[in-house]
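1. Any chance you could fold what I've pasted below:
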Amino acid sequence: MMPSMTAPLLRVPTVVQLLAWLEKEGKAYPWGDNITTYRVWISEIMLQQTVVTAVIPYFSRWMERFPTPLALAEAEEEEVLRYWEGLGYYSRGRNLLKAARIIRDRLGGKLPGDLEGWKALPGVGDYTARAVLSIASGLPYPVLDANVRRIGQRILGCRHWPAGSDRALMTALEKSIPPGEPGKFNAALMQLGQLVCRTGTPLCSACPLRPDCVAAAEGSAAEIPERRSRNQTVLHSRRFVISREGRILMIRRDHGIGRGLWVLPGMDASAGTAGPPDAEGAGKTDAPGAAEGAGPYGVVSAAGGASGHTGSAGLLADSVPGADSVPGGGSEPGGRSVPGGRSGGGSPAGTDPRGFPPGTARVLIQIVKDCSPNILKNRRHTYTRYREELSVEAVAWEAPEGPAAKTDNGERPYTTGPDREALEMLERLYAEAGWEARWFPFEEIGRLPLPAVYRKIMDEARG
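-> Residues are numbered from 1 along each chain as shown. Down below sits the predicted model:
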């Protein structure tokens, strides 16, 4: 049963203790200095499903490069994604750019001043709009994220959270906001949820809300909210660092998850002769270095001098630092759980976020079938509902020597015969599926927008 929430969630003396706790124990974050509407907006988008400690360096770099909405609006998408690299949920970065251009082109460079104006911008849901207006403009809007919801459930002693509970909690929170301090009230609740009323084992003895908390009185806070199991599909992939004379084949698509980001060509592991990588062995390199030898495709060696390279087990990386899918409620684009929000962070159920173009697996198998590619590393790449286990293999061709190796214009081809045809076919298949395939020198790859896991892969391949 859901208790009535017609009264304020917190009594006035408890609210006073909460604000005093914030002054004494609260953390100072970069977006809390020199508070502006733009800075609060950027921080709230970055904090969607990403832990605070991961956001701090990204926020500082972002503000140095894009200090105003106009500076952001003038940037190219590729540069914006480069500054977002490693935060994950790249639609958030793209939506920030779209919103900044709307502010420039339609709003005369002025940020919205009301709830509906903010919610009309791409990537902004009810939660973000309320947070920006309460913290930056002092308007009396409560906010409700996973931390605040957890606090509310424990104060009310509710293990179960039926439909409609978020709306009722918002009403109770709104009645608890102290006059003139909605921003501090919301910030205090969010930080309290991070630091004290946290998941797992809360620190009830240090909580300023304890006088009003049913769960603390019953000793049941650690059991609230009820844990939900999350089933995450594991996808096994083979990815290839294919190099020719110092250039690496990279691909990107202009639609779907990860659009605008450069990644390595790949295929489902079950499509090739190699089985899926051992999930428990991720982060280890058990395969021997690439065997060199002459074959129908020329001389094969490990890419970028990476033969026998073992790397570090500490290089296991997720694309979303600290990302966590929050059960209950909807989610704003990027994934932060909010009441009545809309989902935009993950993949639709039953779909494969990798989106391998049809036919490319067959061509990739043809390219490597007579090679002994060096397995650089097994990696993990995490989506909201999926975990991709990557077996990364490095393959490089050196052109054969002699007059026959010369093309009509005197240049040395990187390969001869069917291998060249296979690569041309691979590029064509990617193009037909809406992907772009290009060869980049190693030194240029560092300037491309990449998922963080792929940057580590390329750093390792470079040796």
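2. Buried ones in the helix or strand hosting residue 58, by neighbour count?
-> Assignment of secondary structure by DSSP states H and E places residue 58 within helix 52-65. Residues of helix 52-65 classed as buried: 52, 54-55, 58-59, 62-63 (neighbour count, 16 or more other Cβ atoms under 10 Å). Every C-beta, even on glycine, is put in place using the N, C-alpha and C of the backbone.
3. Same check on stretch 176-184?
-> Residues of stretch 176-184 classed as buried by neighbour count (16+ other Cβ under 10 Å): 176-177, 181-184.
4. Endpoints of that stretch, how far apart?
-> 12 Å (Cα to Cα, to the nearest Å).
5. where do the helices sit along the stretch 101-250 of the chain?
-> According to DSSP state H, counting those that start in this stretch, the stretch 101-250 of the chain carries its helices in the segments 115-119, 126-137, 146-156, 165-174, 182-195, 214-218.
6. With respect to residue 44, which of those helices lies nearest?
-> Residue 44 lies closest, by Cβ to Cβ, to one member of those: helix 126-137, at 4.9 Å.
7. what's the closest one packed up against?
-> Here helix 126-137 touches helix 37-46, helix 115-119, helix 182-195, going by 3 or more Cβ pairs under 8 Å, 6 or more residues apart in numbering; DSSP states H and E.
8. what residues go with each domain of this protein?
-> Domain assignment of the chain by automatic domain parsing yields the ranges 12-223, 233-462.
9. Least reliable of those by average pLDDT, please.
-> Mean pLDDT per stretch puts domain 233-462 lowest among the domains of the chain, at a mean of 58.
10. Same question for the one residue sitting closest to the centre of the chain, what's its three-state structure.
-> When Cα atoms, centre = their mean is applied to the chain, the residue found nearest the centroid is residue 88 (1.6 Å). Under the three-state scheme (DSSP: H, G, I helix; E, B strand; the rest coil), residue 88 adopts coil.
11. about what we covered before: and the helices of the stretch 101-250 of the chain as a markdown table, adding distance to residue 387?
-> Putting those into a markdown table (distance: least, Cβ to Cβ, whole Å) gives the following:
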| stretch | distance to residue 387 |
| --- | --- |
| helix 115-119 | 32 |
| helix 126-137 | 26 |
| helix 146-156 | 21 |
| helix 165-174 | 29 |
| helix 182-195 | 25 |
| helix 214-218 | 32 |
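12. Out of the ones you listed, the one nearest residue 93 is which?
-> helix 126-137 (14.5 Å).
13. what's in contact with the closest one?
-> With Cβ atoms under 8 Å, 6 or more residues apart in numbering as the test, helix 126-137 has contacts from 35-37, 39-41, 44-45, 48, 113-115, 118-119, 139-145, 182-183, 185-187, 332, 336, 338-341.
14. Distance from the chain centre to it, please.
-> Distance, stretch centre to chain centre, for helix 126-137: 23 Å (Cα atoms, centre = their mean, to the nearest Å).
15. Export only the CA atoms of that helix, formatted as CSV.
-> C-alpha atoms of helix 126-137 as CSV (Å, rounded to 0.1, in the frame of the first residue of the first chain):
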residue,chain,number,x,y,z
ASP,A,126,10.9,17.2,-17.2
TYR,A,127,13.7,16.4,-14.7
THR,A,128,16.4,18.5,-16.4
ALA,A,129,14.0,21.5,-17.0
ARG,A,130,13.0,21.5,-13.3
ALA,A,131,16.6,21.2,-12.1
VAL,A,132,17.8,24.1,-14.3
LEU,A,133,15.0,26.4,-13.3
SER,A,134,15.3,25.6,-9.6
ILE,A,135,19.1,25.8,-9.3
ALA,A,136,19.8,28.6,-11.8
SER,A,137,16.7,30.7,-11.6
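16. Specify the angle between it and helix 165-174 in degrees.
-> 10 degrees (axes from the mean of the first three to the mean of the last three Cα atoms, to 10 degrees).
17. All the strands of the stretch 151-300 of the chain, residue numbers only.
-> 233-244, 247-253, 266-268, 293-295, 298-301 (DSSP state E, counting those that start in this stretch).
18. nearest to residue 23, of the ones you listed?
-> With Cβ to Cβ as the criterion, residue 23 lies closest to strand 233-244 of these, at 45.3 Å.
19. Pull up the pairing partners for the closest one, direction included.
-> Here strand 233-244 is paired, per DSSP bridges, with strand 247-253 (antiparallel), strand 266-268 (antiparallel), strand 386-398 (parallel).
20. Buried ones in that strand, by neighbour count?
-> Buried, per 16+ other Cβ under 10 Å, within strand 233-244: 235-244.
21. I'd like the residues you listed as JSON lines, with distance to residue 456 appended.
-> Compiled in JSON lines, these are given as follows (distance: Cβ to Cβ, whole Å):
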{"residue": "235", "distance to residue 456": "19"}
{"residue": "236", "distance to residue 456": "19"}
{"residue": "237", "distance to residue 456": "16"}
{"residue": "238", "distance to residue 456": "17"}
{"residue": "239", "distance to residue 456": "12"}
{"residue": "240", "distance to residue 456": "16"}
{"residue": "241", "distance to residue 456": "12"}
{"residue": "242", "distance to residue 456": "18"}
{"residue": "243", "distance to residue 456": "17"}
{"residue": "244", "distance to residue 456": "22"}
